[in-house]
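> the sequence isn't on hand, but the structure is:
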């Protein structure tokens, strides 16, 4: 087997949020390492922009049938994959439906800390899909402990960035989808409870989702509307992080938190809920700024501590950056993922050799 592999990533999506960014980061890093990589799924423009310069073809896949058809076309091309890597259950289902890929190893990354299927029917489908999967990758110990089946933990990596040397502005930054499970309301309440708005601080919320009208109304009710900016979906989050003084991460169920890793990479101080994957990222630093999940008053106290001592906040950001560089690099993610691929391919080769033997009696 050659060192370079043909890898097909599949995600049933027309968006570009955390999981899609995860796929783009990994695909680009694998291409840089010399592998031939293709991607099915994700917002086409955003995915192509993220993969620009890496010679990684991208095909749209907003539905399971579309993802299956795109994967089928890849299987019939001159770049038939050595490994299919699916992200989330819908993509696993799509890959399972492609008959020309049934002899190709299927690796699944589990991004969320829950079992497959939210209904009896979905669980039955999940059981069929799980039987087809050769290996699972979990993005954190938190996820691995809560999913069905055995998995290998491979931490996601993010690009290494230089820590900003310029002055940081009095900004509390939130970067996430505005959906109920993300607990953005805790961040809005924490900012109001901190009283920082009276001292010239603002809150910037980058992201969009179904909760935005509710959150805008909440900021108005709490008297912080004038100091809160809803930025919508942004593609320049690293620039926003370089200007802010602190990232506030209120979600208690993040599998790991890609935005948190990106903030750490740039040396930004992070205040996060003491739960989920945050315990494996922010929690690795000395004296981390972790607050009781769902408690805006505790989060507010942490924000005030950061605001009261900018130099300590800067030093803490640099400590988080060191944690990122030690544990959450793209090189380490590529190596860990490749080890999973190789193990699966070796198992397939051994099985094929065993079945091909003739036993004389």
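Arrived safely. All values derive from a computational prediction rather than experimental measurement.
> what ranges does the chain have for its helices?
In order along the chain, the chain carries the following helices (DSSP state H): 18-32, 44-50, 64-75, 89-96, 120-132, 141-144, 184-194, 212-221, 237-243, 258-265, 296-308, 310-327, 330-356.
> a markdown table for these, including mean pLDDT and mean neighbour count?
Yep, even glycine has a C-beta here, placed from its N, CA and C like the rest. Shown next, in a markdown table, are the helices of the chain (pLDDT from 0 to 100; neighbours: other C-beta atoms under 10 Å):
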| stretch | mean pLDDT | mean neighbour count |
| --- | --- | --- |
| helix 18-32 | 97 | 22 |
| helix 44-50 | 96 | 17 |
| helix 64-75 | 97 | 20 |
| helix 89-96 | 95 | 25 |
| helix 120-132 | 83 | 14 |
| helix 141-144 | 98 | 20 |
| helix 184-194 | 98 | 24 |
| helix 212-221 | 98 | 15 |
| helix 237-243 | 95 | 19 |
| helix 258-265 | 97 | 26 |
| helix 296-308 | 98 | 19 |
| helix 310-327 | 96 | 17 |
| helix 330-356 | 89 | 14 |
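> what would those look like in a markdown table with distance to residue 283?
Rendered in a markdown table, the data for those read as follows (distance: least, C-beta to C-beta, whole Å):
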| stretch | distance to residue 283 |
| --- | --- |
| helix 18-32 | 19 |
| helix 44-50 | 28 |
| helix 64-75 | 35 |
| helix 89-96 | 28 |
| helix 120-132 | 30 |
| helix 141-144 | 11 |
| helix 184-194 | 18 |
| helix 212-221 | 27 |
| helix 237-243 | 20 |
| helix 258-265 | 11 |
| helix 296-308 | 14 |
| helix 310-327 | 9 |
| helix 330-356 | 18 |
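> what's the closest of these to residue 107?
Among those, helix 330-356 comes nearest to residue 107, with 6.0 Å by C-beta to C-beta.
> now do the closest one against helix 310-327: the angle between them, please.
Angular relation of helix 330-356 and helix 310-327 on a 0 to 180 degree scale: 20 degrees, by axes from the mean of the first three to the mean of the last three C-alpha atoms, to 10 degrees.
> next, the angle from helix 330-356 to helix 18-32.
Relative orientation of helix 330-356 versus helix 18-32 (the same axes, to 10 degrees): 80 degrees.
> check contacts around residue 79.
Neighbour list for residue 79: 6, 36, 38 [criterion: C-beta atoms under 8 Å, 6 or more residues apart in numbering].
> tell me the spacing between it and residue 113.
With the distance defined as C-beta to C-beta, to the nearest Å, residue 79 ends up 34 Å from residue 113.
> surely residue 292 and residue 300 touch.
No: under the criterion of C-beta atoms under 8 Å, residue 292 lies out of contact with residue 300, with a separation of 11.4 Å.
> so which of the helices of the chain gets nearest residue 280?
The closest of the helices of the chain to residue 280 is helix 141-144. By C-beta to C-beta, the value is 6.2 Å.
> domain-wise, how is this structure divided?
Taking automatic domain parsing as the domain assignment, the record places the domains of the chain at 6-157+329-356, 171-327.
> which of those domains sits closest to residue 163?
Taking C-beta to C-beta as the criterion, residue 163 comes closest to domain 171-327 out of those, the separation being 3.1 Å.
> confidence score at residue 117?
Turning to residue 117, the model gives it a pLDDT of 75.
> phi, psi for it please.
Backbone torsions for residue 117, taken as degrees, to the nearest 10, come to phi 90, psi 120.
> oh, and call the first residue 637 from now on, that's how I've got it
That works, and once the first residue is 637, the last one we named lands at residue 753.
> number of residues surrounding it?
Neighbouring residues of residue 753 were enumerated by other C-beta atoms under 10 Å; the total is 17.
> residue 760 is in contact with that one, correct?
Yes: in this structure, residue 753 sits in contact with residue 760. The criterion is C-beta under 8 Å, and the distance is 7.4 Å.
> against residue 703, how distant is residue 709?
According to C-beta to C-beta, residue 709 and residue 703 sit 11 Å apart.
> could you give the bridge partners of residue 908?
Taking DSSP bridges as the rule, residue 908 bridges to residue 885, residue 926.
> what residues are up against the residue nearest to residue 783 when sequence neighbours are not counted?
In space, not counting the residues next to it along the chain, residue 783 is nearest to residue 746; the distance is 4.9 Å by C-beta to C-beta, 6 or more residues apart in numbering. Taking C-beta under 8 Å, 6+ apart as the criterion, residue 746 is in contact with 772-775, 779-780, 783, 787, 891.
> reformat the domains of the chain as CSV; add distance to residue 801.
Supplementary listing: the domains of the chain in CSV, determined by distance: least, C-beta to C-beta, whole Å:
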stretch, distance to residue 801
domain 642-793+965-992, 22
domain 807-963, 9
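> which outside residues touch stretch 932-950?
In this structure, residues lying in contact with stretch 932-950 by C-beta under 8 Å, 6+ apart are 804, 806, 808, 822-823, 825-832, 835, 837, 881-882, 884, 886, 903, 905, 907, 909, 925-928.
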